[in-house]
Structures are given as structure tokens and as C-alpha cells.
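In: Predicted structure and sequence below. I'll ask about it afterward.
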There are 2 protein chains.
Amino acid sequence: MRAITLALASALAATPAAADYLVKEVGSFHIGGRDVTLTGLPTKDVVFSAGMPAIKVDPNGEFVAEQMYVQYVKLAQPKAKVPILLWHGGGLSGVTWETKPDGKPGWQQFFLNAGYDVYVSDAVERGRASWARYPEIFTSEPIFRTRKEAWELFRFGPSYEVGGKHVAFEGEQFPVEALDQFMKQGIPRWATNDAATQKAYDALVQRVCPCIIVVHSQGGNFGFTAALNAPDKVKALIAVEPSGAPDPAKVEAAKVKGVPLLVVWGDFHDKHPIWPKIRANPEKWAAAIKAAGGTVDTFDLPKMGIKGNTHMLMMDRNSDDIAKLVADWIGKQGLVN
Amino acid sequence: MRAITLALASALAATPAAADYLVKEVGSFHIGGRDVTLTGLPTKDVVFSAGMPAIKVDPNGEFVAEQMYVQYVKLAQPKAKVPILLWHGGGLSGVTWETKPDGKPGWQQFFLNAGYDVYVSDAVERGRASWARYPEIFTSEPIFRTRKEAWELFRFGPSYEVGGKHVAFEGEQFPVEALDQFMKQGIPRWATNDAATQKAYDALVQRVCPCIIVVHSQGGNFGFTAALNAPDKVKALIAVEPSGAPDPAKVEAAKVKGVPLLVVWGDFHDKHPIWPKIRANPEKWAAAIKAAGGTVDTFDLPKMGIKGNTHMLMMDRNSDDIAKLVADWIGKQGLVN
């Protein structure tokens, strides 16, 4: 009895706090990509350290381009039947899903705590996926997002004047005091890599799914198309503020009627002229899937009484509340033990 | 009794496998960086999706540059007294320390399994740290590493011919069959960001240390200088194949005599003309610290009977053996409970 009591005490001492979770592996890989050989470019003199003589750099040779990066945390005892994949939006990387700009836990943490194996990726050209020389490999120039564009397009507030004058929307949920931290997460983007990006995402689905996929913004189109390309592998798709979608006049929505779809929209869509236009295509696509007999739900947060969410709702102060709604919806699809 | 037995059985059922570990938090942040405003640049017409009309992009505005990215895994019950920070080398990112190109666990996993809180970072300009427009913000052009340079400089084999002809060194430990995967980890680098990078690393040390720092290759100089800038915060420094070091004729090595230093060298240094030259400065710096009364050890692996290691020894087949030697050395510094 004493031995049992001691063993029990010892076992209980090792019992995790409610928020701790037992991890089997943190790991990563690159997927996709193609080999490219460059020839005929002039050499360059490069000074690698101040005061050192220049070294001749020959830019010609063999490279790889258009791969993507995927990092996963696998739990020892996941509750979810399949992993969840978090796909970021334009001008951003997988960091979108990690710790929020205000230092609080983001959706990666939420879903780990909830018992999911979580895969966070950097799409082609972003972050740890790396990028390629242009215009020789990537065929256009990169685009860098300004603070003004982020502020206005992501619906943090009505307008941003260069020099810093900006006022948040009333009732705004984005932690605007952490705007500097958010801007540090930005990654240059190209407008000419969509096909390569889709190819890499499709390869990812073939490698790690069946799965649940959560997409944000630019990721919307990639997620919708990934489901079309592998409807048997995508067990649920959650599109958070998707910025595009296939056209049901051209693509048969019935193909994905077996993929439960949840679309999530934040607040202030009437405050920026682009948003009603952006919203039209994903709504049309979702309606077409529903008409074809698919399971389609929309969380229009303000209509549900959840006010003040921006385009970056996974970083908003109430991000856990929204993640909880999403997790409950996933549970209803029978994907969690 | 029955209740206790049941509780015990339940507690034991939750006992992790030997390799599992209890995690408190996976998180990340950006640190450092400065605001930059660009003005007077011409607008550009950009086609964002094939078939869509061009959109005018104004590259002027406010940006942030020179921040770095840091990801951490904090354990619920770490055994190490302080966290370990893993700093990558040139043309690479924090991925260096994650899953190896051959798919096996790397040093991040090793140190998590060994009970360390592990911080893996992407230096300024690399990976999730992002990069800035050039030549307006970064003052030079990026450099992309060719397959030939990686093969030869990292001592995978004697020479690489464009077109693919290459033979590994005999007894080579790098998994050359995974060379394609390794090349996907490459990230463009600049030759003009050293000061900004050092500043960001120094800020990281102030934020998360006391700590142990492991540096690789180009990271060597940053680690040596970080120790000089905060000798009270760096409890041990492990320099894996460092490519540079301060000059003891100019910098007082005694400043870091309280920072135990371990230098690790792989094999084949006599097979590429650059390596004896690269090795000279770190060896001179280590000798100066030792002469000043510091704790300095060198693991010259081939001299210890460990043959075949390349410059990327944390990815070599025997990477765990080397990590084990490093962990034992850290233990001897009194940094593990």
C-alpha cells in the first residue's frame, strides 16, 4: 500500500498543468520545388566583411526554387483523428499562427492544447521556404507591404497617414499597440508564383493528409483548390477571410461536396471598399457547394454578436473565442475523439 | 484501495514514452529592427492573378527592417538550468537545427529530449526574419548559394561539376542522398547586414538569457561578439565550425574568460584550401581566452577518433553522437540539474 501510495504520489507529481501537452516530435521538412540552372550571368565583386577585399561571386550554377517549408508538432496522444494544417495569407508566413503580436498564444498553441497535431507552413517564396533570384527564376519583382496598406486593408482602422496618424475602429479587437510587432512578421511577396505555390500545397496534402486545413486570406484560393485536387484527403476546410475562390461557372463545386466547409468573416467589411468585392467570390463558391449538397457553414461573426474582428482575427484579442467556435465545428464533423 | 489503484493505472497510462516530453509552450517573437520610410520611388503596375488587370503598386511608405525571428519550445519541467539558443550559419536559417535532410531528428529534437528549453532563430534577412528592399534599405544585392559551392565549401566531397558529377569523400557522414532536401533549406544572404544582425542577436541575449548559445559557421562571429557584449548572460558558448572570430590583438579576450567555450571541428579540413584559413582566427581567439584564464575546450573530432564529419555536422549521420558530447560538456559546466 505504501509503495502504491508513493508510486501514485510520484505519478501525480509528474502530472502536467492543464495547459501542458505531451509532445512526440517537433520537426520540419521542405516539399516541392524544382531544379534550375543559371548560365551566362556576369560575376560580381562582393565585400563580405567591412575592410576585407572584395571576393568574386559567380551567380551561375544550379539552384532549387519553389519549394515550401512545413513545421509540425506531433503530440504523443492526439485527440483529433487527423492533423490540422494552418496556411497563412499574402505577405505573411506561418508566424501568423504562432504567438500573437501582443505576446499571447495564437491558434497553433490553441490547437496543440486542444489535442491536435499541428502543421504550420511557409508557402513558396515566404520565410523558411526561401525565395529565388529574379527576374531569372521568379519572373517578376517582389512587393513589400507598407504599414499604411496593412492598417487599411486588414481593417485595423479607417485610414493611415504616413507619419503615423491613425485611429483604430471603435470596438476593434486587434491589439493595435502591437502594430510594430505585427509589421515585423511581414514577408515580401510575388504576384507570379501562384501555380508553383498550389503545386507545393497539393504535394503537402498528398504527404500528410487526411487532414483538416485552415486557410487565411490569400491561402483561401490555395485551400479551395487543394480540396478540389484531393477531396478524399481534406476532411474539413476552414476558410478564414478567404480573398479568392474558384468560379462555380468554370469549376464543378459538386467535386468538393464531401469536404465540410466553414467560412469565417470578421467585422468592418463595410468600412473598406475592397472587402465587399473580395467577399463576393468565396461566398459564391460556398453557395455553389451547398447547392450541390455539401456541408457549408458561415460564421459571420458580427451577425453572431462577436464584434470588432479584423482581417487578422487569429491575432485579435478574442482569437481564442473564435478558435473555440472553429474547434466545436470541427468536433461536429466527427474529427475529434 | 480500488480507487487509488484505478487512479494509479490512469496516471501510468499517461506516462510518456522515453522520447516524449511535456511542453509548456511553443511560441515565437521578432526582436530588433528599425523603421524605414521610403519616398520618391515610382509606382509599378503589378498583375496579381493571371488574366486580371494590372494593379498600381506604390512602393513608398513605412517599413520595418533588420528584425530577427525567434521560435522557442519551453518544457514543463526542463532539466537544464538555462535555455539553449541555436544560431545558424550563412545562407541558412534556423531549419539547420530541425529535422535533418535525411528526415531524422536534428539537434533541436536532441536538446528537447535531453530536457532543455530550445530557442531556434532566423537571423536578420533570413527565413521568417524577413528581408528588406534593396538597394534602398539593404545596401547591396543578395547572394544565392549554388549546389557546387555547398558541396565543396561544406566538405561533402572534393569537387562538384555543374551537371551533377560529384563524389563524396570516403567515410563521409553527411547523408549525400539527401542533398536535394538540404539545398531546399538555403536562404539568400547579404554581405552588408552584419552590424544589424549583431544588434538583433545582442537584443535576443538581453531578452532571454542567461543561456547557453550554440553557433554554427557564420554564427561564430555573432556568438563570440554576443559573449563579449554580455559575458554575464552567456553561461556557455559552443562554436561549431565557426567561420570567424574577433582578433585578440584588438579585442581583450579576458572579457569572456568567465564564459566557458567549446569549439567543435569536423573532418576533411585539409581537403579544401579555404578551411585552414577559416580555422586560424577562431583558434587564435580560443587560445587567447585560454591564455587569459578562461575555460576553453576543443573537440577536434577526427583526433578523437570520430571521422567523416562535414561542415554541416548537425545534419551528419552521427549528429546525435556529437550532440551527446556537447551535452556532456555542458553538464560539466554545471548547467544541468
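Out: Sure, I can see it.
In: Please count neighbours and contacts with C-alpha atoms only from this point.
Out: Fine.
In: Rounded mean pLDDT for the helix or strand hosting A:Tyr69, please.
Out: Secondary structure assignment for A:Tyr69, by DSSP states H and E: strand A:61-75. Strand A:61-75 carries an average pLDDT of 98.
In: Quick one: list the elements packing against that strand.
Out: Packing partners of strand A:61-75 (3 or more Cα pairs under 8 Å, 6 or more residues apart in numbering or on different chains; DSSP states H and E): strand A:21-38, strand A:118-122, helix A:194-208, helix B:147-153.
In: Please work out which of the ones you listed is packed deepest.
Out: Neighbour counts (mean count of other Cα atoms under 10 Å in any protein chain shown) averaged over each of the helices and strands packed on strand A:61-75 peak at strand A:118-122, with a mean of 25.
In: what's it packed up against?
Out: Strand A:118-122 packs on strand A:61-75, strand A:84-87, helix A:107-113, going by 3+ Cα pairs under 8 Å, 6+ apart.
In: Contacts for the second one next, please.
Out: The reference is to strand A:84-87. A:94, A:97, A:108, A:116-123, A:211-216, A:219 (Cα atoms under 8 Å, 6 or more residues apart in numbering or on different chains).
In: just to revisit the earlier point, what's the distance between the strand holding A:Tyr69 and the middle of its chain?
Out: With Cα atoms, centre = their mean, to the nearest Å as the basis, strand A:61-75 stands 15 Å off its chain's centre.
In: Just want the angle from that strand to strand A:118-122.
Out: Following axes from the mean of the first three to the mean of the last three Cα atoms, to 10 degrees, one obtains 160 degrees for the angle between strand A:61-75 and strand A:118-122.
In: C-alpha coordinates for strand A:61-75, PDB please?
Out: Output in PDB follows, covering the C-alpha atoms of strand A:61-75 (Å, rounded to 0.1, in the frame of the first residue of the first chain):
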ATOM      1  CA  GLY A  61      25.100  27.300 -61.300                       C
ATOM      2  CA  GLU A  62      22.400  25.000 -60.000                       C
ATOM      3  CA  PHE A  63      19.700  26.100 -57.600                       C
ATOM      4  CA  VAL A  64      16.400  24.800 -56.300                       C
ATOM      5  CA  ALA A  65      13.300  27.000 -56.400                       C
ATOM      6  CA  GLU A  66       9.600  26.900 -55.500                       C
ATOM      7  CA  GLN A  67       9.800  24.500 -52.500                       C
ATOM      8  CA  MET A  68       7.800  25.200 -49.400                       C
ATOM      9  CA  TYR A  69       8.500  24.800 -45.700                       C
ATOM     10  CA  VAL A  70       6.400  22.800 -43.200                       C
ATOM     11  CA  GLN A  71       6.900  22.600 -39.500                       C
ATOM     12  CA  TYR A  72       4.900  20.200 -37.300                       C
ATOM     13  CA  VAL A  73       4.300  19.400 -33.700                       C
ATOM     14  CA  LYS A  74       3.100  15.900 -33.200                       C
ATOM     15  CA  LEU A  75       1.500  15.000 -29.900                       C
END
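In: pLDDT below threshold where in the stretch 51-200 of chain A?
Out: A:51-52 (pLDDT under 70).
In: at 80 instead, please
Out: A:51-55, A:162-164 (pLDDT under 80).
In: what's the closest non-adjacent residue to A:Ala288?
Out: Leaving aside its chain neighbours, A:Ala288 sits nearest to A:Ala253 (5.9 Å; criterion: Cα to Cα, 6 or more residues apart in numbering or on different chains).
In: Dihedrals phi and psi, the residue nearest the centre of chain A?
Out: Per Cα atoms, centre = their mean, the C-alpha nearest to the average position across chain A is that of A:His88, at 2.1 Å. Per-residue torsions, A:His88: phi -80, psi 180 (degrees, to the nearest 10).
In: Pretty sure A:Ile213 is one of the things it touches, is it not?
Out: No. Under the criterion of Cα atoms under 8 Å, A:His88 is not in contact with A:Ile213, lying 10.9 Å apart.
In: who are the neighbours in contact with the residue nearest to A:Ala288?
Out: Counting by Cα under 8 Å, 6+ apart, A:Ala253 makes contact with A:Trp285, A:Ala288, A:Ile289, A:Ala292.
In: go on, A:Lys74?
Out: Counted by Cα under 8 Å, 6+ apart, A:Lys74 has contacts A:Val23, A:Lys24, A:Glu25, A:Val26, A:Tyr116, A:Asp117, A:Val118.
In: Name the nearest residue to it, ignoring sequence neighbours.
Out: A:Asp117 (4.7 Å).
In: so how far is chain B from that neighbour?
Out: Distance of A:Asp117 to chain B, computed by Cα to the nearest Cα, to the nearest Å: 13 Å.
In: ok, that residue - contacts?
Out: A:Asp117 touches A:Tyr72, A:Val73, A:Lys74, A:Leu75, A:Pro78, A:Ala80, A:Val82, A:Pro83, A:Ile84, A:Phe111, counting by Cα under 8 Å, 6+ apart.
In: quick one on the thing from earlier: name the nearest of the contacts of A:Ala253 relative to chain B.
Out: A:Trp285 (17.8 Å; Cα to the nearest Cα).
In: tell me the contacts of that closest one?
Out: A:Ala245, A:Pro246, A:Asp247, A:Pro248, A:Ala253.
In: For the second one, report the pLDDT, please.
Out: Read that as A:Pro246. 96.
In: cool, and the last one?
Out: Residue-level confidence at A:Ala253 comes out at 98, pLDDT.
In: before we move on, back to that, columns secondary structure on top of the contacts of A:Trp285, output as CSV?
Out: Below are these laid out as CSV (DSSP: H, G, I helix; E, B strand; the rest coil):
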residue, secondary structure
A:Ala245, coil
A:Pro246, coil
A:Asp247, coil
A:Pro248, coil
A:Ala253, helix
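In: Buried ones only from those, please, as a PyMOL command.
Out: Buried residues among the contacts of A:Trp285 (16 or more other Cα atoms under 10 Å in any protein chain shown), as a PyMOL selection:
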select buried, chain A and resi 245+246+248+253
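In: in the sheet, who's paired with A:Lys44?
Out: As for beta bridges, A:Lys44 partners with A:Val57 under DSSP bridges.
In: hang on, it packs against A:Ala54?
Out: No. Counting by Cα under 8 Å, A:Lys44 does not reach A:Ala54; the two are 9.1 Å apart.
In: Which residues of the stretch 151-300 of chain A lie near chain B?
Out: A:Val162, A:Gln181, A:Met183, A:Lys184, A:Gln185, A:Gly186, A:Ile187, A:Pro188, A:Ala191, A:Thr192, A:Asp194 (Cα under 8 Å from any Cα of the partner chain).
In: In a markdown table: these, plus secondary structure.
Out: Below are those laid out as a markdown table (three-state DSSP):
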| residue | secondary structure |
| --- | --- |
| A:Val162 | coil |
| A:Gln181 | helix |
| A:Met183 | helix |
| A:Lys184 | coil |
| A:Gln185 | coil |
| A:Gly186 | coil |
| A:Ile187 | coil |
| A:Pro188 | coil |
| A:Ala191 | coil |
| A:Thr192 | coil |
| A:Asp194 | helix |
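In: Now, of these, which are buried?
Out: The buried subset of these (16+ other Cα under 10 Å) comprises A:Gln181, A:Met183, A:Lys184, A:Gln185, A:Gly186, A:Ile187, A:Pro188, A:Ala191, A:Thr192, A:Asp194.
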